[in-house]
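**Student:** no sequence on hand, only this structure:
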């Protein structure tokens, strides 16, 4: 049995935060209706801790694979990367479940591996096997990685997010997302989806410095990618550490939590806040964008893992 936990974090928007010079003005957090009035979507108001008329609803997953129009679109664009990296197609796929169910959030159609080519790591998504990556298991492999510049390697993400902000209703929030370093590292080290994660566990035991180097490289680039999405219209960002639930509490402390914190720290510093906790608290001096740190843990380790939230200080 698994338990999904979500930690709500708020980060400042409306200022340039990505390391590379911004080519366009960052998008505001709030939406505007047809009369020019400012509208704060329900999901954002709830995340700020405001009393709302009801509980907001959104889809954590971004593809409506059960929807007929999505399956028809797959015939024209048969690969996942086509559907997620051609902006107009990514927008259409993102909007399909939102149109059908009118949820309070519309999440970008993408994948947690999308930023990898920008780090010097190519990947493919096999329709049957899932993500496929050339395994990274040596220092030579790690040394080929470099810091991501999302404006160059993932401009389609910016275009899709900005278009979604125009397409949805003022009452709807637009979500982006990134994967956390440990979860992405499982794909890099294993080479594909795994049930046991033997290779990354072996690396953690026999070559921990090598694994830490991979995790550090990933954290630095993923923080850039998160800031890039915020700047280009993502009002909420889900940060997934799905496979960290396979770690023991001790290994979670060493290989997952510190790199989650690196991402949050970079967001904090980019917005000139004193503490990570300031990302959570509302303030009359700033506009905010929501970050959702979502990680999956086995129920029997739940309490041990939750104590790691103490790094939000």
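**Tutor:** Happy to help now that I have it. Computed from a predicted model, the values in this text were never measured in an experiment.
**Student:** do you know how far the residue lying closest to residue 136 once chain neighbours are set aside is from residue 258?
**Tutor:** Distances taken as CB to CB, 6 or more residues apart in numbering place residue 188 nearest to residue 136, at 4.3 Å, with adjacent residues excluded. The C-beta positions use only the backbone N, C-alpha and C, and glycine is treated the same way. With distances taken as CB to CB, to the nearest Å, residue 188 is found 18 Å from residue 258.
**Student:** what about the biggest helix by length in the chain, average pLDDT?
**Tutor:** The longest helix of the chain (DSSP state H) is helix 208-231. Regarding helix 208-231, the rounded mean pLDDT is 96.
**Student:** so where's the stretch 201-313 of the chain uncertain?
**Tutor:** 271-313 (pLDDT under 70).
**Student:** average pLDDT for the helix or strand where residue 166 lies?
**Tutor:** Remark: residue 166 resides in helix 155-167, with elements defined by DSSP states H and E. Across helix 155-167, pLDDT averages out at 97.
**Student:** what is that helix packed up against?
**Tutor:** If you count contacts as 3 or more CB pairs under 8 Å, 6 or more residues apart in numbering; DSSP states H and E, helix 155-167 packs onto helix 87-101, helix 150-153, strand 173-179, helix 208-231.
**Student:** okay, helices next: where are they in the stretch 201-313 of the chain?
**Tutor:** Taking DSSP state H, counting those that start in this stretch as the criterion, the stretch 201-313 of the chain contains helices spanning 208-231, 249-255, 257-270, 302-306.
**Student:** which of these has the highest mean neighbour count?
**Tutor:** Ranked by mean neighbour count under mean count of other CB atoms under 10 Å, the helices of the stretch 201-313 of the chain are led by helix 208-231, which reaches a mean of 23.
**Student:** if we can go back for a sec, just send the helices of the stretch 201-313 of the chain back as a markdown table, with distance to residue 136 too.
**Tutor:** Formatted as a markdown table, those follow (distance: least, CB to CB, whole Å):
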| stretch | distance to residue 136 |
| --- | --- |
| helix 208-231 | 7 |
| helix 249-255 | 15 |
| helix 257-270 | 16 |
| helix 302-306 | 26 |
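**Student:** quick one on the thing from earlier: quick one: residues contacting the residue nearest to residue 136.
**Tutor:** 116, 121, 133, 135-136, 214, 218 (CB atoms under 8 Å, 6 or more residues apart in numbering).
**Student:** buried among the residues you listed? Make that a ChimeraX selection.
**Tutor:** Paste this into ChimeraX to select the buried members of these, with burial taken from 16 or more other CB atoms under 10 Å:
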select :116,121,133,136,214,218
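**Student:** count the neighbours of residue 80 for me.
**Tutor:** Other residues near residue 80 come to 21 when the count uses other CB atoms under 10 Å.
**Student:** how about it, phi and psi?
**Tutor:** phi -60, psi -40 (degrees, to the nearest 10).
**Student:** ok, it touching residue 128?
**Tutor:** No. The pair residue 80 / residue 128 is not scored as a contact, 11.6 Å apart, by CB atoms under 8 Å.
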